[in-house]
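J.: quick one, fold the following:
(one chain, ligands or ions: 2)
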Amino acid sequence: MNTLHLTSSTCHASTINLPGSKSISNRTLLLAALADNTSEIYDVLDSDDILHMLNALKILGVKIEQLPNAEKESGLNLRIYGCNGKFPQQQAELFLGNAGTAFRPLTAVLAILGGEYYLHGVARMHERPIGDLVDALKTAGAIIEYKGKTGYPPLQIYPAQTPTNHLLSIKGNVSSQFLTALLMALPLTGQAYTIKVAGELISKPYIAITLKLLQQFGVQITHKNFQIFQLPAGQHYHAQEKLFVEGDASSASYFLAAGLLSGQPIRVNGIDANSIQGDIAFVHELEKIGARVSWGNQYIEISRSPEQEILPFDIDANHIPDAAMTLAIIALACKNTCRIRNIASWRVKETDRISAMATELRKLGAKIIETEDSISITPPTTLHSDVHISTYDDHRMAMCFSLVSLLGTSVYIDDPQCVNKTFPNYFKIFASMCTPV
Ligand SMILES: O=C(O)C1=C[C@@H](OP(=O)(O)O)[C@@H](O)[C@H](O)C1
Ligand SMILES: C=C(OP(=O)(O)O)C(=O)O
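T.: Ligands and ions are numbered 1, 2, ... in the order given. A predicted model of the protein is given here:
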């Protein structure tokens, strides 16, 4: 296995150009593919999760052209010829890796549109639940068979029956991507729907992203307190002449954390206070625990004054499940126990992230208390050095633990290329802001 040695380092003042948002890229590509005309999308993230969506759309018969790109390091610029709500290819096998933002929305769209489709992914994708979404789609007339374990991919989709039920219920406590998938698929029927969320809805800011992008493509959906959603009849997706994808706020978290940990000003270009991504709230959490924040037009900069300690925290991170992993590493720089709560969804993502985080933090000497939906981290007086960190094929484990090298110790990151899921250039960019000490 490949291993990356990160020597003990500090940061110098740096400016980082963020890659495009994964959540916005995959939603936008699917909506543009379903729209009534041609759209041009700029600064699309160039990573595995997006390539899975792009390959799937191409297999489904959508014409996609790559436009020239002025800067070598930036994302993809694409022209997408919308298929006006009906994919040309009515039979296909789609491999979607471990991309939740491709698997869940494509399941709903294909089940609603009709055709025969086999959807599968990597082994871990076949352990990530999808039963709540399938159940909701079945009440809307979809015909879906589990080809492995009940409630999990792979899935075989058959042409749907004419829906009779226009009131759907979806559970919200496992993944918000199920509701996102319904919200993206149901407008394709042209009919009115009411969707009720059963129980708690987690990761709400991702639903806000979905609603904003639907609106941008011409579909209006109203909601009451993220519990009841109303889709009026007779809507369809309108192409967007030119749309720019924001920088990824979750990917920004590693650099912003580096600014807090090192004290040096680290600026991320590509997002600002107007971002539609919920992970922007991570910046507010950093501010509460000692970061100096400067918000600009298309950038955020974080530093810390030398006399300011990093303060221990106890936060409900349900609204920022991805960026919250970065907080688990920041906890190692605090003098007291820190707790991250209401994060049960960590257990069904790229790996069981609560368990993986606990195991790897313990290797560094931290005392950990793990519950079903929280993690408490008590840092050691001195971190163990030269520890080999396992990354569980989880891009965020690799990116998070790179920050340990800014805490006065060197660290080995196993299988660093797992960052390809969302950020293939991560380690190159991380190295560019570090100076060994
Ligand atoms: O809709 C999205 O773009 C996402 C929703 C979140 O998942 P959950 O809703 O499963 O928490 C998040 O963790 C994931 O990285 C992206
Ligand atoms: C949970 C994640 O991915 P996915 O979109 O596959 O759910 C993530 O990127 O942290």
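
J.: what about the helices in the stretch 101-250 of the chain?
T.: In the stretch 101-250 of the chain, the helices defined using DSSP state H, counting those that start in this stretch lie at 131-139, 177-185, 204-216, 249-262.

J.: out of the ones you listed, which gets nearest to residue 157?
T.: Closest approach to residue 157 among the helices of the stretch 101-250 of the chain (CB to CB): helix 131-139, 9.0 Å. In short, each C-beta sits where N, CA and C put it, glycine included.

J.: show residues contacting the closest one.
T.: Applying CB atoms under 8 Å, 6 or more residues apart in numbering, the contact partners of helix 131-139 are 104, 107-108, 111-112, 142, 144, 146, 150-152, 155, 165, 168-171, 174-175, 177-178, 181-182, 185, 195.

J.: are any of the residues you listed buried, and which?
T.: 104, 107-108, 111-112, 142, 144, 152, 155, 168-171, 174-175, 177-178, 181-182, 185, 195 (16 or more other CB atoms under 10 Å).

J.: so which of the contacts of helix 131-139 sit within strands?
T.: Taking DSSP state E, the ones among these that sit in strands are 144, 146, 155, 168-171, 195.

J.: in a markdown table: the residues you listed, plus pLDDT.
T.: As requested, those are exported to a markdown table (pLDDT from 0 to 100):
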| residue | pLDDT |
| --- | --- |
| 144 | 98 |
| 146 | 98 |
| 155 | 98 |
| 168 | 97 |
| 169 | 97 |
| 170 | 98 |
| 171 | 96 |
| 195 | 98 |
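
J.: re earlier: the contacts of helix 131-139 also near ligand 1: which ones?
T.: Near ligand 1, judged by CB under 6 Å from any ligand atom, the entries from the contacts of helix 131-139 are 175, 177.

J.: re earlier: now the helices of the stretch 101-250 of the chain in CSV, with mean pLDDT and distance to residue 299?
T.: Shown next, in CSV, are those (pLDDT from 0 to 100; distance: least, CB to CB, whole Å):
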stretch, mean pLDDT, distance to residue 299
helix 131-139, 97, 37
helix 177-185, 98, 28
helix 204-216, 98, 20
helix 249-262, 98, 10
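
J.: same list (those) but as CSV, adding distance to ligand 2.
T.: Below are those laid out as CSV (distance: least, CB to the nearest ligand atom, whole Å):
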stretch, distance to ligand 2
helix 131-139, 13
helix 177-185, 6
helix 204-216, 9
helix 249-262, 7
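
J.: how about a markdown table for these, with distance to residue 273 added?
T.: Output for the helices of the stretch 101-250 of the chain, formatted as a markdown table (distance: least, CB to CB, whole Å):
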| stretch | distance to residue 273 |
| --- | --- |
| helix 131-139 | 33 |
| helix 177-185 | 24 |
| helix 204-216 | 14 |
| helix 249-262 | 11 |
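
J.: and those helices: which comes nearest residue 394?
T.: helix 249-262 (12.9 Å).

J.: hmm, that closest one in reach of ligand 1?
T.: No - applying CB under 6 Å from any ligand atom, one finds helix 249-262 out of contact with ligand 1, separated by at least 6.7 Å.

J.: who does the very next helix or strand once past that helix touch, helix- and strand-wise?
T.: For helix 249-262, the following helix or strand on the C-terminal side (DSSP states H and E) is strand 266-269. Under the contact criterion of 3 or more CB pairs under 8 Å, 6 or more residues apart in numbering; DSSP states H and E, the helices and strands touching strand 266-269 comprise strand 14-17, helix 249-262, strand 299-303.

J.: can I get the ones you listed in JSON lines with distance to residue 380 and mean neighbour count?
T.: Below are the helices and strands packed on strand 266-269 laid out as JSON lines (distance: least, CB to CB, whole Å; neighbours: other CB atoms under 10 Å):
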{"stretch": "strand 14-17", "distance to residue 380": "29", "mean neighbour count": "18"}
{"stretch": "helix 249-262", "distance to residue 380": "16", "mean neighbour count": "26"}
{"stretch": "strand 299-303", "distance to residue 380": "25", "mean neighbour count": "22"}
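
J.: redo the ones you listed as a markdown table? Include distance to residue 56.
T.: Output for those, formatted as a markdown table (distance: least, CB to CB, whole Å):
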| stretch | distance to residue 56 |
| --- | --- |
| strand 14-17 | 28 |
| helix 249-262 | 22 |
| strand 299-303 | 33 |
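
J.: sorry, back to before: quick check: the farthest pair among the ones in strands among the contacts of helix 131-139?
T.: So, the ones in strands among the contacts of helix 131-139 by CB to CB: farthest apart are 146 and 195, at 22.8 Å.
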